[in-house]
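Peer 1: Coordinates for the following, if possible.
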Amino acid sequence: MIALVDRMLNRVTMYRLVVYYLAFLIGVASILSFGGVLAYDPYALLFSTGFLIAVCWASNRLLAWGFSVAPASDSTYITALILALIITPIEGYGDLWFLGWAGALAMAAKYLLVIDRKHLFNPAAAAVAITYLSVNESASWWVGNPMLLPFVLVGGLLVARKIRRGAMVATFLVSVSAATLLLSLPAGEDPLTTLWRTLLYAPIFFFAFVFVTEPLTTPPTRRWQLIYGGLVGLLSAPQVHIGSFYVTPELAIIAGNLLSYIVSPKARLVLRLKEKIQLAPDIYDFVFQPAGRLAFAPGQYMEWTLGHREPDDRGNRRYFTLASSPSEEELRIGVKFYQHSSTYKRAMLRMQPGSEIVAGQLAGDFTLPADLAQKCVLIAGGVGITPFRSMVKQLLDTGQRRPITLLYSNRSVRDIVYQDVFDRAREELGIKTIYTVTDTRKLPAGWKGRVGRITPQMIQAEVPDFQRCIFYLSGPPSMVDSFQESLRQLGVRSAQVRTDFFSGLA
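Peer 2: Here you go, the predicted structure:
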């Protein structure tokens with residue numbers, strides 16, 4: 001069942017999944033309103049949603065034109081739908097000004113509340129906070145309703161699984177629950193009753209799945225994500241206040257966003273393509289020349305935004321792991337193309353030297369351990385080799401030796417990329433490299449590598465002391481699942497396994 005869910009999630013981008021989730025909640029709320037279960041006029045709810053979408057879309061287009069950047073359509077719809085779920089549907093046309101003000105402010109926050117091209121705050125949170133402070137109108141957070149809670153949970157869990165933020169969500173929920181229990185005691189309230197009422201009637205779960213997980217304003221590494229979730233959880237307890245001023249959900253997330261900015265890389269780069277190199281029949285290296293060297297750890301990824309005409313439902317943003325080493329002057333990414341690629345990929349393939357792309361949101365914990373003596377096994381499938389190219393090139397450039405074994409699987413020999421780097425590392429650093437191909441029909445004469453899939457038997461034969469190793473797995477989701485199953489059969493503990501966040505396949 002979990003494997004089926006993961007296959008479904010892999011077919012949509014993170015942003016498009018959130019759009020579907022929020023639209024689903026609007027649809028459920030409308031049906032419940034038509035049935036009299038929710039005390040809202042369903043027509044007013046649908047009209048408010050449509051009006052917010054129109055305002056956000058128009059504002060975003062105007063601001064994008066003014067700032068000469070490519071508009072991100074998915075984020076526009078996400079913000080509009082979030083506002084529709086936390087601002088009470090209009091009761092009369094006189095309320096339209098508030099919706100319009102909130103929608104326009106949310107879009108403006110993405111362009112104006114920025115440092116080095118990176119926006120600081122969750123746009124929807126910034127909008128409702130400013131409306132409260134400027135015109136004394138606030139969000140009701142009406143989505144926090146027991147009738148909607150099952151639907152919030154189902155969709156929210158899918159979002160958290162897709163973007164791998166489950167631990168951060170759990171930390172937030174534990175933190176807000178603990179704070180609610182402890183702070184209810186001085187007020188003479190029954191702690192369990194207060195907690196139950198908070199979880200059932202407050203928008204805690206919606207807030208966790210939609211606001212706390214928002215990628216652009218959360219920290220880049222797991223440790224800081226957990227700290228972030230804990231801090232926002234503490235501030236989100238309903239009893240938290242300074243004097244007579246109570247901390248609202250939007251203020252809690254803004255405080256967390258400030259922490260995230262302090263501890264996150266600040267890079268958001270407009271890069272020009274230097275060259276495009278075909279490495280294999282359907283894999284290209286895109287090499288960019290930044291203004292200066294980017295500080296990053298080998299194995300980390302970035303979000304890449306490519307403006308193009310009429311993007312399909314997968315949008316104009318993707319995550320790609322950096323294939324370059326921090327020791328290199330250029331930034332490079334390896335990209336695989338398919339017969340029916342997305343409009344994003346087709347636009348990328350048309351890029352020529354001088355074409356621009358925007359890279360930001362540097363993140364990821366898929367990095368080598370600090371202990372230089374720790375034995376590591378790098379297992380890659382197809383273009384999942386990119387983070388390992390970054391790691392190994394860094395070791396070559398610094399002369400650093402580590403006990404590493406690389407298992408690299410491809411369909412055919414001609415699909416192998418970056419072989420020059422890995423062969424050189426084998427000669428200079430003693431890194432054991434095993435190539436294996438699954439299509440045995442076109443093996444070149446004298447092929448010295450392995451054939452077949454990476455199986456438990458192959459791992460055990462090439463890495464006899466596998467129980468003492470840390471395993472790094474990277475590739476298409478189905479291949480990573482296969483690698484994980486092989487390790488489970490060998491009895492390798494999950495604590496010994498790292499997987500790459502690899503969502504740039506479509």
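Peer 1: Can you name the element that comes right after the longest helix belonging to the chain?
Peer 2: The longest helix of the chain (DSSP state H) is helix 42-67. As assigned by DSSP states H and E, the chain's next helix or strand after helix 42-67 is helix 73-86.
Peer 1: List the buried residues of the helix or strand just after that following helix.
Peer 2: Remark: after helix 73-86, the chain's next helix or strand is helix 96-112, criterion DSSP H and E. Going by neighbour count (16 or more other Cβ atoms under 10 Å), the buried part of helix 96-112 is 98-111. All C-beta atoms are positioned from the backbone trio N, CA, C, and that covers glycine.
Peer 1: How far does the helix or strand just after helix 96-112 sit from its chain's centre?
Peer 2: Scanning forward in sequence from helix 96-112 by DSSP H and E, the next helix or strand is strand 114-115. Here strand 114-115 shows a centroid-to-chain-centroid distance of 20 Å under the convention Cα atoms, centre = their mean, to the nearest Å.
Peer 1: Just the pLDDT at residue 3, thanks.
Peer 2: If you check residue 3, the pLDDT there is 60.
Peer 1: Just give the nearest non-adjacent residue to residue 401, would you?
Peer 2: Among residues not flanking residue 401 along the chain, residue 429 sits closest, at 5.4 Å (Cβ to Cβ, 6 or more residues apart in numbering).
Peer 1: Which other helices and strands does the longest helix of the chain contact?
Peer 2: helix 14-34, helix 73-86, helix 96-112 (3 or more Cβ pairs under 8 Å, 6 or more residues apart in numbering; DSSP states H and E).
Peer 1: Quick check: what element follows the strand of greatest length in the chain along the chain?
Peer 2: Identified as the longest strand of the chain according to DSSP state E is strand 268-280. Next along the chain after strand 268-280, taking DSSP H and E as the criterion, comes strand 283-288.
Peer 1: What's the mean pLDDT across that next one?
Peer 2: 96.
Peer 1: So what are the sheet partners of the very next helix or strand once past that strand and their directions?
Peer 2: Remark: after strand 283-288, the chain's next helix or strand is strand 301-305, criterion DSSP H and E. Within its sheet, and counting by DSSP bridges, strand 301-305 is paired with strand 317-321 (antiparallel), strand 356-363 (antiparallel).
Peer 1: Give me the residues contacting strand 301-305.
Peer 2: Residues outside strand 301-305 that contact it (Cβ atoms under 8 Å, 6 or more residues apart in numbering): 70, 72, 215-216, 316-322, 333, 357-364, 366, 387, 500-501, 504.
Peer 1: Among those residues, name the buried ones.
Peer 2: The neighbour count (16+ other Cβ under 10 Å) marks 70, 72, 215-216, 316-322, 333, 357-364, 366, 387, 500-501, 504 as buried among those.
Peer 1: Spatially nearest residue to the residue nearest in space to the middle of the chain, not counting backbone neighbours?
Peer 2: The centre of the chain sits closest to residue 163, judged by Cα atoms, centre = their mean, with a distance of 4.7 Å. Excluding the flanking residues, the one nearest residue 163 by Cβ to Cβ, 6+ apart is residue 14, at 5.2 Å.
Peer 1: burial measure for the one you found, as a count.
Peer 2: 20 (other Cβ atoms under 10 Å).
Peer 1: What of residue 454?
Peer 2: So residue 454, with other Cβ under 10 Å, has 25 neighbours.
Peer 1: what are the bridge partners for the residue lying closest to it once chain neighbours are set aside, then?
Peer 2: Excluding the flanking residues, the one nearest residue 454 by Cβ to Cβ, 6+ apart is residue 409, at 5.2 Å. Beta bridges link residue 409 to residue 381, residue 436 when assigned by DSSP bridges.
Peer 1: Now do residue 409 against residue 96, distance only.
Peer 2: 57 Å (Cβ to Cβ, to the nearest Å).
Peer 1: Next: residue 135.
Peer 2: Distance of residue 135 to residue 96, computed by Cβ to Cβ: 14 Å.
Peer 1: Residue 395 too?
Peer 2: 60 Å.
Peer 1: show me where pLDDT drops low in this protein?
Peer 2: Along the chain, the model assigns pLDDT under 70 to residues 1-8, 10, 117, 266-267, 501-506.
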